[in-house]
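1. coords please:
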Amino acid sequence: MVSSIANALGFGSGIDTKQLVADLAQASRQPKVARISALQQQNQARISAVAQARSDLMGFADSLAQMISDGTLRSIPTVSDESILSATSRAGVAADSFSATLVVSQLARAQTSYSGVVADRTAPIGQGNMTLSIGGTDHAITIDGTNDSLDGLAAAINASDAGVTASIIADQGGHRLILKGANGADNAFTLTADGGADPGLAAFATNGGMTMGQSAANAEFTVDGVAFSRASNIIDDVVPGMSLTLKKAAPGQGVDLGASRPLDMLRQTVGDFVDVYNQLKKSVKAAASMPGSTSSLRQLENELGGLISQVLTGHGSINKLADIGVSTNKEGLLTLDRTKLDKILAEDAGAVEAMFNPRRDATHNEGNEPGIAVVLDRLRDAATGENGVLERVNKSLTDRSETLMDQLDKVETREEAYRARLEKQYGSLDAKLAAFKATQSYLEQQIEMWNNQYK
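-> This is a model prediction of the structure:
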């Protein structure tokens, strides 16, 4: 700027207008920017607090759901001889305390039939219609000029979707057709050549042409002497909460079946629930206590507080967290009476297990027996959904952040314009002061000359 050049040369007004302009501009800008920066810091603190509350809520719900889906909190079946059968707990069904003896007399099996050896699997075998019958239902199998071969017959059987699988295996001197149905006596099948079919197709009929390798049969077993018959070796509908897999027949040999509840894991999970709940409660409370839009998070605080009194199962007297020793202290945090929890576990561990792993069947569903995980999932989904309290607060804070950024941009623009006006004004003033100073100097010189002439 001109004034600073003049000052550097020893001329001008003698005033450092560059520094003066900088000081005046800073004095105007600094308080405005500081005020907006303070508001931005406050708003960012609120955003961070809400994000922490959201993260804690999501993590709480997800980790509990994962434990339940993994079966960590379900009763564990016990089997005395796993070479005969094995047992697993069924997801969504409580394996109640159970003790029984099973005897497996026969495994379920599928019918298999095989043909004689055919030298060339692609050579013609005869044309005509065949009928594949399973459980009283007939399926038409057509062999014509497009599929007249062993390969064609196997493909036609598989394409019928009748429940019989056709495959071709290599054997000495050629190939055989193998037919296999589904397990169970009701899935026995026949394949016959219709009248008018070429004589060659009779070689692939089960009533004379093919050999039965194994007949279809049901699994036969007893539970404490009560006889059962099933088409599958996987049994889900006999022992409550358990899925049995029959592995081999052992007539007369009893297998003891029971269930062991994960008492230690239930104790730990209830304690962990209290600890994680308290962390979540603190993060939500911290966010809700901040002034502004975050105060609406008190709604979420209240909903969290209602968890311990929420009915979780259909049990008559043990259906809420409050019933197993969980209570709220004066700060709104949870505490656990471990003595009471141990007493309830000793008396009715199934009722505690059902809170985390509720029964699921025709009469027990998420509507009437949600369990703690479903209740927590609902709270999470409501809070984080499109119109949920966390989303509303987060949107409000994000909008506020953008507004403050716009305000800061406008302040910077106005202050830059103000600084430019100061530079222009003080530049002009400096030039005028320099001119006045030059005039003063000239006049002083003239006066001094005049004085010297009249001495």
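2. The nearest residue to Ser133 once chain neighbours are set aside - how many residues pack around it?
-> Once flanking residues are discounted, Ser133 sits nearest to Thr190: 4.9 Å by CB to CB, 6 or more residues apart in numbering. C-beta: built from backbone N, CA, C; applies to glycine. Thr190 has 15 neighbours, counted by other CB atoms under 10 Å.
3. Who are the contact partners of Thr190?
-> Each residue near Thr190 by CB atoms under 8 Å, 6 or more residues apart in numbering is listed here: Thr131, Leu132, Ser133, Thr206, Asn207.
4. Show the pLDDT at it.
-> Here, the pLDDT recorded for Thr190 equals 96.
5. got it, and the one 3 residues further on?
-> Among the per-residue scores, Ala193 holds a pLDDT of 95.
6. can you pull the contacts of it?
-> Applying CB under 8 Å, 6+ apart to Ala193 gives the contacts Gly128, Asn129, Met130, Leu201, Ala202, Phe204, Ala205.
7. Which among those count as buried?
-> Gly128, Asn129, Met130, Leu201, Ala202, Phe204, Ala205 (16 or more other CB atoms under 10 Å).
8. Looks like the second one contacts Asp138 (just checking).
-> Read it as Asn129. No - with contact defined as CB atoms under 8 Å, Asn129 and Asp138 do not form a contacting pair (11.0 Å).
9. picking that back up, closest to Leu297 out of the buried ones among the contacts of Ala193?
-> Checking the buried ones among the contacts of Ala193 against Leu297 with CB to CB, the nearest one is Met130 at 72.5 Å.
10. quick one: the closest one is in a helix?
-> No - under DSSP: H, G, I helix; E, B strand; the rest coil, Met130 falls outside any helix and is assigned strand.
11. these two touch, right, it and Asn147?
-> No - applying CB under 8 Å, one finds Met130 not in contact with Asn147, separated by 11.8 Å.
12. Mind exporting the C-alpha coordinates of the helix or strand harbouring Ala182 to CSV?
-> Element membership of Ala182 [criterion: DSSP states H and E] is strand 174-183. Presented in CSV, the C-alpha positions along strand 174-183 are these (Å, rounded to 0.1, in the frame of the first residue of the first chain):
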residue,chain,number,x,y,z
GLY,A,174,-20.6,-100.7,-19.4
HIS,A,175,-23.0,-98.6,-17.2
ARG,A,176,-25.9,-99.1,-14.8
LEU,A,177,-28.9,-96.9,-14.1
ILE,A,178,-29.4,-96.2,-10.4
LEU,A,179,-32.8,-94.9,-9.1
LYS,A,180,-33.1,-93.5,-5.5
GLY,A,181,-36.1,-92.1,-3.8
ALA,A,182,-36.5,-90.1,-0.6
ASN,A,183,-36.4,-91.6,2.9
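13. ok, whatever helix or strand comes next after that strand: who's next to it in the sheet?
-> Remark: after strand 174-183, the chain's next helix or strand is strand 189-193, criterion DSSP H and E. Counting by DSSP bridges, the strands paired with strand 189-193 are strand 128-134 (antiparallel).
14. so the partner strand versus strand 174-183, what angle?
-> 30 degrees (axes from the mean of the first three to the mean of the last three CA atoms, to 10 degrees).
15. what's the spacing between the following helix or strand past strand 128-134 and its chain's center?
-> Sequence-wise, the next helix or strand downstream of strand 128-134 (DSSP H and E) is strand 137-143. On the basis of CA atoms, centre = their mean, to the nearest Å, strand 137-143 sits 47 Å off its chain's mean C-alpha point.
16. List of residues touching stretch 369-379?
-> With CB under 8 Å, 6+ apart as the test, stretch 369-379 has contacts from 57, 60-61, 64-65, 68, 273, 300, 303-304, 307, 310, 312-314, 321, 354-359, 366.
17. of those, buried ones?
-> 57, 60-61, 64, 68, 273, 300, 303-304, 307, 310, 312-313, 321, 354-359.
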